[in-house]
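> Kindly return the folded structure for what I paste below:
(2 chains)
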Number of protein chains: 2
Amino acid sequence: MKIIGYRDRVVVPVPKADGTDYREAAQKSTFDNHLKSITILQPDGPSFTVEGHTVRWANWEFHVAFDMRSGPIISLASIYDHNKDEYRRVLYRGFISELFVPYMDLTEEWYYRTFLDAGEYGFGQSAVPLQPLRDCPENAMFLDGYFTAQDGTPAKISNVFCLFERYAGDIMWRHTEAALPGDVRLPDVSLVLRMVSTVANYDYVIDWEFKQTGTIKVTAGLTGLLAVRGSIYTHKDQIMQEEYGTLLAENVLGPRHDHFISFHLDLDIDGEANSLVKAKLQRVRTTDGRSPRKSYWRVVNETAKRESDAKIHLGSGATEILVTNPNKRTKVGNDIGYRLIPRTVASRLLANDDYPQKRGAFSKYNVWVTPYNRSEKWAGGLFVDQSHGDDNLATWSLRDREIEKKDIVLWYTLGFHHVPCSEDFPIMPTLTNGFELKPTNFFDYNPMLKFKPPQQVRRPSNCTSSIKILPQ
Amino acid sequence: MKIIGYRDRVVVPVPKADGTDYREAAQKSTFDNHLKSITILQPDGPSFTVEGHTVRWANWEFHVAFDMRSGPIISLASIYDHNKDEYRRVLYRGFISELFVPYMDLTEEWYYRTFLDAGEYGFGQSAVPLQPLRDCPENAMFLDGYFTAQDGTPAKISNVFCLFERYAGDIMWRHTEAALPGDVRLPDVSLVLRMVSTVANYDYVIDWEFKQTGTIKVTAGLTGLLAVRGSIYTHKDQIMQEEYGTLLAENVLGPRHDHFISFHLDLDIDGEANSLVKAKLQRVRTTDGRSPRKSYWRVVNETAKRESDAKIHLGSGATEILVTNPNKRTKVGNDIGYRLIPRTVASRLLANDDYPQKRGAFSKYNVWVTPYNRSEKWAGGLFVDQSHGDDNLATWSLRDREIEKKDIVLWYTLGFHHVPCSEDFPIMPTLTNGFELKPTNFFDYNPMLKFKPPQQVRRPSNCTSSIKILPQ
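Next up, the predicted model:
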């Protein structure tokens, strides 16, 4: 092989290296923020058990697997209902199905940078071994992951997951009543399963968090390095045309981009037959004299009958998204359900006919629902390299199948629009977004009402000096 | 005084008391979730200091005051920039200005229940003494609050605030580079100032959280008891008309309602002269052949010149809201700024001419900006009892004053639409929402780049048995 020619379209100065090395060892003057040590203390150890791949903690049990394409796969997640004395299924299987990261830079060297991180790179395969005390707190337990390497042999990623109990100082509930001075509260302790996947420059911190009140909370944190490009500019005032990004430092430009993460959520809310309900909060005018009020809002529930009914753009939050089990009801007759609560909603801005958007078409809606089909796992298609968008969520759902009272899959796309800023350089403080799946008329009443709080501890005063300080 | 008559419009059965007492002592069978003890350990104590009302921690310093109407008032919040070797102002003053809680029940006994919790009750005056280990973690310090009682004498609320360092096991940033095996990460330790205000049935948990990376994060947690009403119904199937709420238990109905919390945020981003910038992310079509791509998105910055330009409905997140200091720029020329990042956005649904909406008119937009005016503190007006909406944010801003390069106040309304569900009864697991103020081209680069991590600790192994277990 020999080089027979090359084209040097743009010549830009090499950016100064000064201040661009993010590593601790490279910092000439290291400042001290005077933070004293802080850690999570569980004097009697963690409260969860791991048997094989089954995790049991508090009222939850679930199976966790590692997949080279999607990373963690949570399955058979069920919550114990002490009132019914049984485990009730919530999530048959949940995992990251695809990530779509289109850059908004039209220059010749960048326009094609529109990545599908799971299908192209392997979101699990890009996972990094988690480092105790750095990536996960002191009370974490670590699990290894295995996958099939290119030559067919088993490959291992040590410490690919960590499991730890989180206590951020929050209150599960409380109340102070004037006439009843006694009040109740429980600490909001939850269980977190974490993986970090470093897909080239970006590091994704994925947390699956289980709360005792029944909520499953998923958080994606974005950190690592921005993909940057060289630039002729050293100051913003020199820029007279669209440069597709933010000038971060002299001769360093951070192009704008999106991150869309599609979650495949095969919910089985208390059984397989589920429906998607759009609970629309609608203003009603009451100027007919029936009330001194001139308006209020009501809830109009619409059950999605076919896939086309469940392609949803989420806006200002006036529609609640529920997955219900219409065959089961609470004691007083409400449909058993779980609610999807998005955090910050971001919707795709690319045009439908743009080639990257055809491939990452799952980002067209925030929510999709399909009937379960074992071949429909990867929102961007099974084979994504050079794909044309003919085998993906958008295409499958064109069949407009029936989804009412079926074994359905909820696809939620978590999005970030990223306009880089100077704080993101040379390394980016974690930016997070997420969603929750919250029991909504799943239990007959507050499921933690009759539970007693864990024992409280104070710092042992007689052994302060024996705390082991680890080398940095 | 004597009763000369009464009208008994509706007669409903008294709901069963069974299962409605939320207190721990009332639970006949108390279940154990088998959670082992968990706490935050700071073997060398907290890292913050409190001198008078000034709190200093890591790179932050701010003043905290207690106000009987709004609760905590954060002022003069500044962050140390080691690069410039100076404290730089972020927030001149921030506080909860008003809460608007309209119920959506048109019945005679309920239609008027549209509360302004700060102006009518005193959000600070309704604060409750925080209980160590229950309301705040072990490493918390407590502060008292004072206000003027009705008879003019000073009144005290003990432990009205707590201050604690939060470490939820999160990563401030990280990166693993294939060719550079060494990787860096800092634990995401932050400082939280908390108050809990119990306005009759609802308990609001308000957290002001300061992050070392420069972000101020505000979280409002809603817990306590739903306001419920008696009902003739024992099962949903009996309900044939609009009942304005969810049947939670036999004969107990939870009416639907909203919570809108208006934050008065007098930002002084690196000085007083600030502007509001709407950074609109807009799709651009590129079908003219200039690129193989058919679209991308760009950012169009619009600086609000007058108040009318800054009345903003937030939707799907395609507009970023920035407060900038146009007189100051980063080294490479970006305007110094902070960005408002809302979590879940909720917009009012009541009609403008509805009487409660006139009073709580601040909920009409998610964002407003006014020029600073010392008489404009309370978004619902100074005197809200029986107010008609003629002295409030909506009215003030009709003057359409200039707000460019002025000392401006950003008003953000945090909203919840609350459709009660059975899990909220008899006591409601905490429901949270919030927003962040994040440095965006405020620093020249990642402000924590050159800081070394705090010392790490492991659990002292030789004193496990001496952990003091407190009585429940």
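
> Closest residue of the stretch 301-450 of chain A to chain B?
A:Gly333 (3.1 Å; CB to the nearest CB). Using the backbone N, CA and C atoms, a C-beta is placed for each residue, glycine as well.

> For burial, what's the neighbour tally of that residue?
Applying other CB atoms under 10 Å in any protein chain shown, we find 15 other residues in the vicinity of A:Gly333.

> Can you read off the pLDDT for it?
On the pLDDT scale, A:Gly333 is placed at 98.

> Quick one: residues contacting it.
B:235-237, B:247 (CB atoms under 8 Å, 6 or more residues apart in numbering or on different chains).

> Tell me who's in contact with the closest residue to A:Asn83 other than its chain neighbours.
Nearest residue to A:Asn83, sequence neighbours excluded (CB to CB, 6 or more residues apart in numbering or on different chains): A:Asp444, at 6.0 Å. Shown in contact with A:Asp444 (CB under 8 Å, 6+ apart): A:83, A:330-332, B:422.

> How about A:Arg339?
Contacts of A:Arg339 by CB under 8 Å, 6+ apart are A:320-323, A:437-440, B:421.

> redo that, cut-off 7 Å
A:320-322, A:438, A:440 (CB atoms under 7 Å, 6 or more residues apart in numbering or on different chains).

> can you check A:Ser363 too?
A:100, A:260, A:348, A:413, A:415.

> Likewise for A:Ser308?
A:Asp400.

> mind checking how far it is from B:Phe362?
39 Å (CB to CB, to the nearest Å).

> beta partners for the nearest residue to A:Glu302 once chain neighbours are set aside?
In space, and not counting its chain neighbours, A:Glu302 is closest to A:Lys278: 4.6 Å by CB to CB, 6+ apart. With DSSP bridges as the criterion, the beta-bridge partners of A:Lys278 are A:Glu302, A:Ile321.

> circling back: now the contacts of A:Asp444: which count as buried?
A:330, A:332, B:422 (16 or more other CB atoms under 10 Å in any protein chain shown).

> which stretches of chain A have low pLDDT?
Within chain A, the stretches with pLDDT under 70 are A:179, A:181-182, A:316-317, A:457-472.

> max-length strand in it?
strand A:154-175 (DSSP state E).

> to the chain's geometric centre, what's the distance from the one helix or strand A:Tyr146 maps to?
In the assignment (DSSP states H and E), A:Tyr146 maps to strand A:141-148. Relative to its chain's centre, strand A:141-148 lies at 20 Å (CA atoms, centre = their mean, to the nearest Å).

> again with stretch A:409-423
Computed by CA atoms, centre = their mean, the chain-centroid distance of stretch A:409-423 equals 10 Å.

> what do you get for stretch A:83-101?
13 Å.

> Same check on stretch A:137-155?
21 Å.

> One more: stretch A:151-159?
25 Å.

> How about residues contacting it?
A:127, A:129-130, A:142, A:144-149.

> can you tell me which residues contact the residue of chain A positioned farthest from its centre?
Ranked by distance from the centre of chain A (CA atoms, centre = their mean), the top residue is A:Gly289, with 47.8 Å. Going by CB under 7 Å, 6+ apart, A:Gly289 touches no other residue.

> Run a quick neighbour tally on A:Asp385.
Neighbour tally, A:Asp385, other CB under 10 Å: 8.

> Go ahead and confirm it touches A:Glu120.
Yes. Counting by CB atoms under 7 Å, A:Asp385 does reach A:Glu120; the two are 6.2 Å apart.

> Looking at the contacts of A:Asp444, which is nearest B:Gly230?
When the contacts of A:Asp444 are compared for distance to B:Gly230 (CB to CB), A:Val332 wins out at 14.0 Å.

> State the distance from the closest one to B:Thr107.
Distance from A:Val332 to B:Thr107, by CB to CB: 19 Å.

> does A:Thr413 sit in a helix, a strand or a coil?
strand (DSSP: H, G, I helix; E, B strand; the rest coil).

> Check the gap between it and A:Asn433 for me.
Distance from A:Thr413 to A:Asn433, by CB to CB: 11 Å.

> Can you measure across stretch A:25-33, start residue to end residue?
17 Å (CA to CA, to the nearest Å).

> cool, and stretch A:124-137?
Taking CA to CA as the criterion, the two ends of stretch A:124-137 lie 22 Å apart.

> for chain B, what are the nearby residues on the stretch 51-200 of chain A?
A:58-59, A:82, A:104, A:106, A:111, A:128, A:133-138, A:164-169, A:171-176, A:182, A:184-185, A:188-189, A:192, A:196, A:198 (CB under 7 Å from any CB of the partner chain).

> at 6 Å what do you get?
Residues of the stretch 51-200 of chain A lying close to chain B by CB under 6 Å from any CB of the partner chain are A:58, A:82, A:104, A:106, A:111, A:128, A:133-134, A:137-138, A:164-169, A:171, A:173-176, A:182, A:184-185, A:189, A:198.

> before we move on, what about the stretch 201-350 of chain A?
A:203, A:205, A:213, A:223-225, A:235-237, A:247, A:281, A:283, A:291-297, A:299, A:315-317, A:330, A:332-334, A:343-347, A:349-350.

> Now that we have those residues, which of them are buried?
By 16+ other CB under 10 Å, these give A:203, A:205, A:213, A:223-225, A:236, A:247, A:281, A:283, A:291, A:293-297, A:299, A:315-317, A:330, A:332, A:334, A:343-347, A:349-350 as buried.

> so what's the backbone phi/psi at the closest residue to chain B within the stretch 151-300 of chain A?
Shortest the stretch 151-300 of chain A-to-chain B distance, computed as CB to the nearest CB: residue-wise this is A:Lys236, at 3.1 Å. Backbone torsions of A:Lys236, given as degrees, to the nearest 10, read phi -60, psi -30.

> from what I can see it touches A:Leu247, true?
Yes. Counting by CB atoms under 6 Å, A:Lys236 sits close enough to A:Leu247 to count as a contact (5.3 Å).

> who touches both of these two?
Here A:Lys236 and A:Leu247 share the contacting residues B:Val332, scored by CB atoms under 6 Å, 6 or more residues apart in numbering or on different chains.
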